[in-house]
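J.: how would this look folded up:
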Amino acid sequence: MSYADHSNMSEWERQAAQMLPPLMAVHFRLMYEFTQKSGLKATRADFDRQTQLLGHPPRKFGDFVKEAKVAF
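T.: Sure thing, here's the model as predicted:
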């Protein structure tokens, strides 16, 4: 099974369980299936919650890298 074959996660889990503890393979499969279905993009509620926790809107990763580069 190639990396690009997303259609058979049960087969991926079977193969992964040969190298990982079986429960870990199950958890990875569930995580990968969720990511394939839902993606990794934050919802408006996620963004609002993060803003509330930080006390300001989150910044872009590129902006963080630029600031960190200057700081270090």
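
J.: from here on, contacts and neighbour counts on C-alpha atoms
T.: OK.

J.: ends of stretch 33-51, how far apart?
T.: This stretch, stretch 33-51, spans 28 Å end to end (Cα to Cα, to the nearest Å).

J.: buried residues in that stretch, which are they?
T.: By neighbour count on 16 or more other Cα atoms under 10 Å, the buried set for stretch 33-51 is residue 33.

J.: and for stretch 54-68?
T.: By neighbour count with 16+ other Cα under 10 Å, stretch 54-68 contains no buried residues.

J.: contacts for the longest helix along the chain next, please.
T.: As assigned by DSSP state H, the longest helix anywhere in the chain is helix 22-38. Helix 22-38 has contacts (Cα atoms under 8 Å, 6 or more residues apart in numbering) with 9, 10, 12, 13, 14, 16, 17.

J.: for those, work out which two are farthest apart.
T.: Greatest spatial distance in the contacts of helix 22-38: 9 and 17, 12.0 Å, computed using Cα to Cα.

J.: all helices for this protein, in order.
T.: Applying DSSP H to the chain gives helices spanning 9-16, 22-38, 44-54, 61-71.

J.: need these in TSV with mean pLDDT, can you?
T.: Below are the helices of the chain laid out as TSV (pLDDT from 0 to 100):
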stretch	mean pLDDT
helix 9-16	94
helix 22-38	92
helix 44-54	95
helix 61-71	91
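
J.: phi and psi next, for residue 39.
T.: Backbone torsions for residue 39, taken as degrees, to the nearest 10, come to phi 80, psi -170.

J.: which one of the contacts of helix 22-38 sits closest to residue 68?
T.: Nearest to residue 68 out of the contacts of helix 22-38 is residue 16 (Cα to Cα; 37.1 Å).

J.: out of everything not next to it in sequence, what's closest to that closest one?
T.: The shortest distance from residue 16 to any non-neighbouring residue, by Cα to Cα, 6 or more residues apart in numbering, is to residue 25 (5.8 Å).
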